[in-house]
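> curious how this folds, go ahead:
(2 chains)
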Amino acid sequence: MKPTIRPIKGTRDFYPAEMAFRTWLYGKMRAASQRFGYQEYEAPMLETLELYAAKSGEELVKEQSFVFTDRGGDTITLRPELTPSLARMVAQKQRELPKPIRWWSFGPFWRYERPQKGRTREFFQWNIDLLGVDSAYADAELVAVLVEFFRSVGLSAAQVVIKVNNRKLMEAQIKALGLETDKIDGIYKLIDKLDKLPTDKWRAYGRDDIGLSAAQIDQLSGLLNNRDLWQQSSELTAFFNAINDLGVSDYVEFDPAIIRGLAYYTGVVFEARECSGSFRAICGGGRYDNLVADVGGEPLGGMGFAMGDVVIGLVLEEYGLRPALRPIPTEALVTIFDATLIGTSARIAATLRSAGLNTELFPEAAKLDRQLKYANTQSIPVVIIIGPDEAAAGKATVRDLRSGQQQVVGQDQLVNVVRAVVSGQ
RNA sequence: GUGCCUGUAGCUCAAUGGUAGAGUACUGGACUGUGGAUCCAGUUGUUGCGGGUUCGACCCCCGUCAGGCACCCCA
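Residues are numbered from 1 along each chain as shown, chains lettered A, B, ... in the order given. I've put the predicted structure just below:
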């Protein structure tokens, strides 16, 4: 049996087990966000293409967005990221929004690329941003939220690391090397490739594609190996001081090779990675001081990051940190002994539901054996049996499938007994 | 868009160019008022699809579709 209608490439079907994990993840993101006082919001999933033009990065907009023309002739994009929408929403109500703005969101995004490990065409992403405060503590706060999240899902500083750099520092250092400013995008690209290419290939790329001399490449290489370079940046020294105060320094390190791809970052940039390096970045973020003005608002700086659901899911899987979730909410199953007792069972199920118990009624009279097997495979903890004996005596059997123990009780006490057994008392 | 790899039962995978199999899952029974464990039995296939080579193709060749991985980019 093969479905004649295929799902769209790069999309995922969330069967109940996967949906339970997604909901769990969403809850962890919500909890970390709320711990720091952030408010949930949502933006449209459809935006005009021009919102992203020249602000997100050429490739992302021109090659990796789902774009279509609507019936009115407008060019519409399925959102590939959230930050431009956030900037637009802030710019629209800039005067009336109290500062600082602390907002977070979790929702679907689309990018048209070849699916592979950690990458799908439709994915879910946690976004969290702080706007209106330009300080080292603001930058550090977002990292602290991220650490709060990592701790809450059980990821230790030995398993994940947050690598931080600052674009202003790198820009100044590159200028100090006497390199032309118009080559800076290419140099950022070269830096980004440092740990992706072997040394000789990396040098060849810098020479042939970016147009650097051997001496310039040597100097750049020196910069990228200088783990103390952050000490030359007042922003980074203040940042690492704040990281200390916020109690998250064990997760954070300076890495001069972190640049990030998005064009709108202006200051601190960071990403989180699994320590063995066998996964893509878990999240990425940074400071963007021009974006709100770019979409028509008054200048307002911001700082934020985004985490996709796919890579973090793989990392949690790798460390055995995906919780055993039970997608079935049912607390009690009312069995149907035979056709003559359907009404009795249905009335008892209704009573249990009225009392607030999640109650499933077996859909037909069947062998008890089958009904109990069903409850067992679905991990339903409690089963109610009303056979001819119980019915005649106005009683019901309550069986705890976890312990295997059962008791016969009067139907007038059933709610209290079931409630007690379900809660394990 | 480029490259490499893989398509066999619902799932995970076997099968020197010579009769398509196992585990698991599922269904039934042992057990006609009781799940998990054990045992027994049974069902499951256009070997992705279309050509070609061959006496004979799951196996070799070509094409095609689908999936995976890497590049690109990035969550």
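
> contact partners of the helix or strand hosting A:Met303?
Here A:Met303 sits within strand A:302-308, counting by DSSP states H and E. Around strand A:302-308, the neighbours that count as contacts under C-beta atoms under 8 Å, 6 or more residues apart in numbering are A:29, A:81-83, A:86-87, A:90, A:101, A:109, A:123-133, A:138-139, A:142, A:146, A:149, A:267-268, A:270, A:272, A:282-289, A:291-292. Heads up, the C-betas are built off the backbone N, CA and C, glycines and all.

> do the same with stretch A:222-239
Under C-beta under 8 Å, 6+ apart, the answer for stretch A:222-239 is A:135-136, A:139-140, A:164-166, A:168-170, A:173-174, A:177, A:191, A:194, A:240, A:254, A:256-257, A:267-268.

> looking at these, which are in strands?
A:164-166, A:254, A:268 (DSSP state E).

> now render those as TSV, adding distance to A:Pro198.
As requested, the ones in strands among the contacts of stretch A:222-239 are exported to TSV (distance: C-beta to C-beta, whole Å):
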residue	distance to A:Pro198
A:Val164	26
A:Asn165	22
A:Asn166	27
A:Phe254	24
A:Val268	30
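
> what are the C-alpha coordinates of stretch A:226-242, in CSV please?
Extracted in CSV, the C-alpha atoms of stretch A:226-242 (Å, rounded to 0.1, in the frame of the first residue of the first chain):
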residue,chain,number,x,y,z
ASN,A,226,43.7,34.3,19.4
ARG,A,227,41.4,33.2,22.2
ASP,A,228,42.2,36.4,24.1
LEU,A,229,41.1,38.7,21.4
TRP,A,230,37.9,39.5,23.3
GLN,A,231,40.0,41.5,25.8
GLN,A,232,40.5,44.1,23.1
SER,A,233,36.7,44.7,22.9
SER,A,234,35.1,46.8,25.7
GLU,A,235,31.7,45.4,24.7
LEU,A,236,32.9,41.9,25.1
THR,A,237,34.7,42.4,28.4
ALA,A,238,31.5,44.0,29.7
PHE,A,239,29.5,41.1,28.2
PHE,A,240,31.6,38.4,29.9
ASN,A,241,31.4,40.3,33.1
ALA,A,242,27.6,40.3,32.9
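
> and that stretch, what's buried?
A:229-230, A:233, A:235-236, A:239-240, A:242 (16 or more other C-beta atoms under 10 Å).

> can you lay out these as TSV showing secondary structure and pLDDT?
Formatted as TSV, the buried residues of stretch A:226-242 follow (DSSP: H, G, I helix; E, B strand; the rest coil; pLDDT from 0 to 100):
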residue	secondary structure	pLDDT
A:Leu229	helix	94
A:Trp230	helix	94
A:Ser233	coil	94
A:Glu235	helix	96
A:Leu236	helix	96
A:Phe239	helix	97
A:Phe240	helix	97
A:Ala242	helix	97
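
> tell me the one among those residues nearest to A:Pro327.
A:Ala242 (41.1 Å; C-beta to C-beta).

> hmm, that closest one is touching A:Tyr137, no?
Yes. Shown here, A:Ala242 and A:Tyr137 form a contact pair, counting by C-beta atoms under 8 Å, at 4.7 Å.

> flag the shaky bits of the stretch 101-250 of chain A, pLDDT-wise.
A:181 (pLDDT under 70).

> enumerate the residues of it near RNA strand B.
With C-beta under 7 Å from any atom of the strand as the criterion, the stretch 101-250 of chain A meets RNA strand B at residues A:111, A:113-120, A:123, A:125, A:189, A:192-193, A:196.

> inside strands: which ones of those?
A:123, A:125.

> of the residues of the stretch 101-250 of chain A next to RNA strand B, which belong to helices?
Cross-referencing those against helices under DSSP state H gives A:189, A:192.

> out of the residues of the stretch 101-250 of chain A next to RNA strand B, which end up buried?
Buried, going by 16+ other C-beta under 10 Å: A:111, A:118, A:120, A:123, A:125, A:193, out of these.

> hang on, the earlier thing: need the CA coordinates for the strand holding A:Met303. PDB is fine.
What follows is strand A:302-308, C-alpha atoms only, in PDB (Å, rounded to 0.1, in the frame of the first residue of the first chain):
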ATOM      1  CA  GLY A 302      17.600  44.800  19.700                       C
ATOM      2  CA  MET A 303      19.100  41.500  20.600                       C
ATOM      3  CA  GLY A 304      17.700  38.000  20.100                       C
ATOM      4  CA  PHE A 305      18.200  34.400  19.000                       C
ATOM      5  CA  ALA A 306      16.300  31.700  17.200                       C
ATOM      6  CA  MET A 307      16.300  27.900  17.900                       C
ATOM      7  CA  GLY A 308      14.800  25.400  15.500                       C
END
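
> what strands line up against it, and which way round?
strand A:122-131 (antiparallel), strand A:283-288 (antiparallel) (DSSP bridges).

> rounded mean pLDDT for that strand, please.
For strand A:302-308, the mean pLDDT works out to 96.
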